[in-house]
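Chemist: could you look at this predicted model? Sequence included:
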Amino acid sequence: MNFPGTWMTESESVVYRVVPKCACSTIGQIMYYSDHGQFFDGDIHDAKDGLHKWAHDDSKPLIATNVQSHKSYAFTCVRNPYTRILSSFFDKICGIQRSGNRYRGNLVPMIAQKYGIEVEGDFDQIKSFRRFLLFARDTIRWRKPMDPDIHWSDMSGHISTFIVNGGAYDNIFWTEKFNDGMQSVLDDIETPHKVTLQDIPRFNESEGHGPKRAHPVEDYFDDLSMHLVYEMYKKDFRLFKYDFEDPSNKMPLGEIDLDEIHAKLGD
């Protein structure tokens, strides 16, 4: 059984299914701190030790055994689909990555040519973002001109792999209510080092990669854009209780139902 995107503390106090663009840098650093009493020096995504990750071969059997027996508390975190796809655009399409290069090499030149996206200088953010949405939709619906990237593939898809392969979540919380959600996880687990959440900085590793968002969230989404977002993220809106009708409302409308999520994503 495979558990891609799954991280686990070395003490096996907690298991986390990473969902890109959903506070994963901060969560990873909290997990690292809870075991070691200090933060990882750098981007937690680059950590090769101090945290079990499915991407590391020696961690795979430990994670698989833990998850399939539900030995440890397991959780994940989700985000409003409107703000998540916007964040992906500014970070991955407009931004220069920590390597000093554009994301995925020729990706940006390719979609600039095929979709007319501009990302240089004082470009029209709304126009370019809406063209990016067409590209993202094409990758998700038709897997053309490439497979969807993990940063804009739907959250339900990430979260379902954990369930389909035999895992179960004890908690799924919203990025928009991060402190409440993360505290509810910490309240339910025992860690080698105590984590005082109000003292933890936010590790937004994508901040500064790209230009600042120049407009309110809702200005980027006209009727067609909303249709495309719903086409891509219908399950995410429904399962995680976000407001499709109003892009300006990033807050959820109801409570997450874990039983519903396990039933609908476990097929």
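Modeler: Sure thing, it's come through. Quick caveat: nothing in here was measured; it's all calculated off a predicted structure.

Chemist: shaky segments in the stretch 151-267 of the chain?
Modeler: Scanning the stretch 151-267 of the chain for pLDDT under 70 picks out 205-208.

Chemist: which stretches in it count as helices?
Modeler: Secondary structure of the stretch 151-267 of the chain, counting by DSSP state H, counting those that start in this stretch: helices at 155-164, 178-187, 223-239, 258-265.

Chemist: if you compare those helices, which one is most tucked away?
Modeler: Comparing these by mean neighbour count (mean count of other C-beta atoms under 10 Å), helix 155-164 comes out on top with a mean of 20. Every residue, glycine included, has its C-beta placed from N, CA and C.

Chemist: now find how far off-centre it is within its chain.
Modeler: Centroid separation for helix 155-164 versus its chain: 12 Å, with C-alpha atoms, centre = their mean, to the nearest Å.

Chemist: what's that helix packed up against?
Modeler: Secondary-structure packing of helix 155-164 (3 or more C-beta pairs under 8 Å, 6 or more residues apart in numbering; DSSP states H and E): strand 14-17, strand 73-78, helix 223-239, helix 258-265.

Chemist: residue 131 is nearest to which of the ones you listed?
Modeler: Relative to residue 131, the nearest member of the helices and strands packed on helix 155-164 by C-beta to C-beta is helix 223-239, separated by 10.2 Å.

Chemist: check which helices and strands the closest one sits against.
Modeler: Applying 3+ C-beta pairs under 8 Å, 6+ apart, one finds that helix 223-239 contacts helix 81-88, helix 125-142, helix 155-164, helix 258-265.

Chemist: restrict it to CA atoms and write it as PDB.
Modeler: Coordinates of each C-alpha in helix 223-239 appear next as PDB, following Å, rounded to 0.1, in the frame of the first residue of the first chain:
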ATOM      1  CA  ASP A 223     -18.800  34.000 -13.700                       C
ATOM      2  CA  LEU A 224     -16.700  31.900 -16.100                       C
ATOM      3  CA  SER A 225     -13.800  31.600 -13.600                       C
ATOM      4  CA  MET A 226     -16.200  30.500 -10.900                       C
ATOM      5  CA  HIS A 227     -17.600  27.900 -13.300                       C
ATOM      6  CA  LEU A 228     -14.100  26.600 -14.000                       C
ATOM      7  CA  VAL A 229     -13.200  26.500 -10.300                       C
ATOM      8  CA  TYR A 230     -16.400  24.600  -9.500                       C
ATOM      9  CA  GLU A 231     -15.600  22.100 -12.300                       C
ATOM     10  CA  MET A 232     -12.200  21.400 -10.800                       C
ATOM     11  CA  TYR A 233     -13.100  21.500  -7.100                       C
ATOM     12  CA  LYS A 234     -16.700  20.500  -6.700                       C
ATOM     13  CA  LYS A 235     -15.800  17.800  -4.200                       C
ATOM     14  CA  ASP A 236     -13.600  20.100  -2.200                       C
ATOM     15  CA  PHE A 237     -16.400  22.700  -1.800                       C
ATOM     16  CA  ARG A 238     -18.900  20.100  -0.700                       C
ATOM     17  CA  LEU A 239     -16.800  17.900   1.600                       C
END
